[in-house]
Each structure stands twice: as structure tokens, then as C-alpha cells.
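# Pasting a predicted model and its sequence here:
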Amino acid sequence: MKQNIIISHHLQTDLTKAIADCQHDYLFVLTDSTTREHCWTRIQNLEILKEAQLITIAPTDTHKDLRSVEQIWTALQNNHATRHSCLINLGGGMVTDIGGFAASTFKRGISFINIPTTLLAMVDASVGGKTGFNFNGLKNEIGVFNDANFVILNTCFLQTLDLENLRSGYAEMLKHGLLANENRFAQLLSFNLEHPIDYQLLQQMVEDSVKIKEDIVRQDPHEKGLRKALNLGHTFGHAFESWSLKHTPVLHGYTVAYGLTCELYLSALKSGFPTHKMHQLNQFIHENYGTLPITCHDYDALIQLMKHDKKNVGDTINFTLLENIGKVKTDQTATVEEIKEALDFLREGC
Ligand SMILES: NC(=O)c1ccc[n+]([C@@H]2O[C@H](COP(=O)([O-])OP(=O)(O)OC[C@H]3O[C@@H](n4cnc5c(N)ncnc54)[C@H](O)[C@@H]3O)[C@@H](O)[C@H]2O)c1
Ligand SMILES: O=C(O)C(=O)C[C@@H](O)[C@H](O)[C@H](O)COP(=O)(O)O
Ligand SMILES: [Zn+2]
């Protein structure tokens, strides 16, 4: 299915049109408790949502689990949802991932609309059809590919988003910049992530960023080859995030930023990525994301977690690396010693 991504400048008009285009009998709106407070209020008075039923789950990735999926399925069932009902996912990547999965599997699939409310969900999670949830401590272990019928992308929601979550989303934009070209990457490194944020410039950068993802997904929707580029930073990143779920949870984008540091180190070591560009990114990440509190005693556990990466074949751990900005190499491997060296590099911060 071709995904309709609406770059929205009039939220209420654009959403009303999308809902009307998405034929349905009953309408449901999924929020977490925070987006119910900050985001639902922006649309709840819409005529077309008058009869919509609200489903609210607990927030953050610690609740992106089977219990929340069951809660959504149960609410749909108890409120007489049919195959012709539509679920609107109003929230960050946690809500769009889990809501997309619940909708894709309820009665073998009902339609759904994503309204991303975090920077991360706007540039990444709400588009491209990856849905799912964490299982037994592993990131996105269960899921399906299925596009939302519409994605309504309106940056007005960013006004209530805290700086930490803004930075988290920005890490995926850095990833897109690395996959795109030198200009895009330079622009990203020069943006100031302290208050006051230049939201006008950010809006344009969001549109550019989501186009980079859209373009890759269009060519390879089911990650047979090229789409593995979008997983840059995630072999390490997901291992860090799964590890953190057992200690103190770290935001997805922060773990991606640390993953980019490690994977650019491997890129320089094995694929000739220019070291001065690696240091530039590393400095930006160090200044804006700090460090991950791991020690060398965590290395073996992290490598065990990397063995569950979805890009792996058999027992080799696969990485997406770069030869240069815009020059991607997928299905790359590294020895245990090289992986540990990359982790040392992250910890030493230089
Ligand atoms: N499907 C994909 O392609 C894809 C891509 C990237 C990330 N992801 C997934 O996305 C998730 C991370 O998404 P996220 O960073 O949006 O996290 P999130 O959905 O947990 O949102 C972060 C926090 O911000 C709050 N929030 C959301 N919108 C807000 C707003 N407008 N104002 C104030 N608070 C708001 C949420 O309630 C939550 O507490 C991870 O589970 C990750 O695996 C998926
Ligand atoms: O869209 C993609 O493809 C991505 O890999 C985007 C990632 O930013 C995102 O975190 C995704 O959920 C990771 O997917 P997974 O297949 O590694 O679980
Ligand atoms: Zn990601």
C-alpha cells in the first residue's frame, strides 16, 4: 500500500479530511496518558471525532509490551470494533508502533491513521510501516510491516515536548543526514539543541528528514536490502536500549546516538570512513547526549543482545556501516575484539 504522508499546516482540516477518506464505522483514538493530556486536547472538539472512543495506555517504552497490546485489543473488542473500524494513533513512536501493531492484527487488520506527536515519531517511527512491541526484554521482537492509511505530520505538537525527547528524535535526524549528503549533515551539526529552539527552521528540517526515510522505504519496504541503511546505529543502539530496560531506561534516540558513535568507529576502522567526520559527530553527540553508564563488565551482555538483531543471518552479527556520508554498506560484520574496541571508544568519548 502507498502510504499517504500529509505535511499538515492545518491540523483540524487535514485530519478531518483523512478520517473522512478512511472509510469506517466506529472510530477509536489511542493515546498514552501524556498525549491524552497534551495532544488530545488539540483535536477533541472536532465534529468528526464526536463519537470517537478513547483508549489510553501507560506511557514510555517500558509499556511497549504485550500487556498494552492486550489492553488495546480488549478495548476494541469491548467497544464493538469491526473490521471496518479505524484506529487513530496519537502519540510518539511508542504509541504509533504498538497501535499500528494492534490495528494490523485485530480481526486480521483494521485501518489506522498515525498522528505523530514527538520529533522522533514525525521523522521516523510513524512512517514506513514497521509496527510492533518489545518482548522478553528485546526491542521490537514481535511485529509486522503494515502501512498506516494516513500519517498526519504537524509540528504544532512539538510545543509541549521536553528538550530530552526533542534531542532523542534529533538522533534519528542525524542518522538520516549521514545517509543523505554532506550539506544535510553539516546543517544538522550546526543546529542548536538548547532553548530557545528555532522551531521554524526545525519544521523545514523535519520535512527534509522524513523525505530521506520515505525515499528509502519506497525502494525497499520490507528491508530486503537498501532499507537496512535506516538501521544505522541500531545494532549497538538496540543492545544499549534493551540493556537499559533492565537498569535505568534510556530514550531510544539517545541509544541510537551512542550506537552511531560506535558504528562510525567501525566504519572508520573497516570501511575507510573519514576519521575527522567521525570525530565531528562524536563531539556533537558527546555535548548533546552525554555518555552511557556502561563499564567493560557489560560488554559480553551487550554482545549477547546484539546476537538478536533482526539484520543477522545465522550467528553472525550484522551492521550497517558507511564508507563516507551518503555511501552505505549493509550486511557488514565485525569481530568481538572490534566490537569491544568500538565500545571502548564510546566510553572514552574521544
Ligand atoms: N517504527 C519505526 O520505524 C520506528 C522508528 C524509530 C523509533 N521507533 C520506536 O519509537 C519509540 C520511541 O518513540 P518516541 O521517542 O516518540 O517515544 P514515546 O512515544 O515513548 O514518547 C516519548 C515521551 O514523550 C511523551 N509525549 C509524546 N508526545 C508529546 C507531546 N507532544 N508533548 C509532550 N509529551 C509528549 C510521551 O508520552 C512519552 O512520555 C521506540 O519504541 C522506538 O523503538 C520506531
Ligand atoms: O524504518 C526502519 O527501517 C528503521 O530501522 C528505523 C529505526 O529508526 C527504528 O528504530 C526501527 O524501529 C528499528 O527497527 P528494527 O527492525 O531494528 O526493530
Ligand atoms: Zn530508531
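Cool, got the structure. Ligands and ions are numbered 1, 2, ... in the order given.

# Counting neighbours, what do you get for the closest residue to ligand 1 within the stretch 251-350 of the chain?
Closest approach between the stretch 251-350 of the chain and ligand 1, counting by C-beta to the nearest ligand atom: H252, at 4.1 Å. Where you see a C-beta, it was placed from the backbone N, CA and C, and this is true even at glycine. For H252, the count of nearby residues is 29 (other C-beta atoms under 10 Å).

# so what pLDDT did it get?
On pLDDT, H252 comes in at 98.

# same deal with the one 5 residues further on?
We note a pLDDT of 98 for A257 in this prediction.

# Would you mind writing the CA trace of the helix or strand harbouring it as PDB?
Take DSSP states H and E as the rule and A257 turns out to sit in helix 252-271. C-alpha atoms of helix 252-271 as PDB (Å, rounded to 0.1, in the frame of the first residue of the first chain):
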ATOM      1  CA  HIS A 252      15.600   5.300  22.100                       C
ATOM      2  CA  GLY A 253      17.200   8.300  20.300                       C
ATOM      3  CA  TYR A 254      19.900   8.500  22.900                       C
ATOM      4  CA  THR A 255      20.800   4.900  22.400                       C
ATOM      5  CA  VAL A 256      20.800   5.500  18.700                       C
ATOM      6  CA  ALA A 257      23.200   8.400  19.200                       C
ATOM      7  CA  TYR A 258      25.600   6.200  21.200                       C
ATOM      8  CA  GLY A 259      25.100   3.500  18.500                       C
ATOM      9  CA  LEU A 260      26.100   5.900  15.800                       C
ATOM     10  CA  THR A 261      29.300   6.700  17.700                       C
ATOM     11  CA  CYS A 262      30.200   3.000  17.800                       C
ATOM     12  CA  GLU A 263      29.200   2.200  14.200                       C
ATOM     13  CA  LEU A 264      31.000   5.200  12.800                       C
ATOM     14  CA  TYR A 265      34.100   4.000  14.700                       C
ATOM     15  CA  LEU A 266      33.700   0.600  13.000                       C
ATOM     16  CA  SER A 267      33.000   2.400   9.700                       C
ATOM     17  CA  ALA A 268      36.400   4.200  10.000                       C
ATOM     18  CA  LEU A 269      38.200   1.100  11.100                       C
ATOM     19  CA  LYS A 270      36.800  -1.200   8.400                       C
ATOM     20  CA  SER A 271      35.300   0.900   5.600                       C
END
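
# tell me which residues of it are tucked away?
The neighbour-count check on helix 252-271 (16 or more other C-beta atoms under 10 Å) flags 252-271 as buried.

# With stretch 127-139 instead?
By 16+ other C-beta under 10 Å, the buried positions in stretch 127-139 come out as V127, G128, G129, K130, T131, G132, F133, N134, L138, K139.

# Widest-spaced pair of those?
V127 and L138 (23.2 Å; C-beta to C-beta).

# circling back to that earlier point, show me the subset of the buried residues of helix 252-271 that also lies near ligand 2.
Cross-checking the buried residues of helix 252-271 against ligand 2 (C-beta under 6 Å from any ligand atom) gives no overlapping residues.

# Name the secondary structure element that contains D300.
Here D300 is assigned to helix 299-306, by DSSP H and E.
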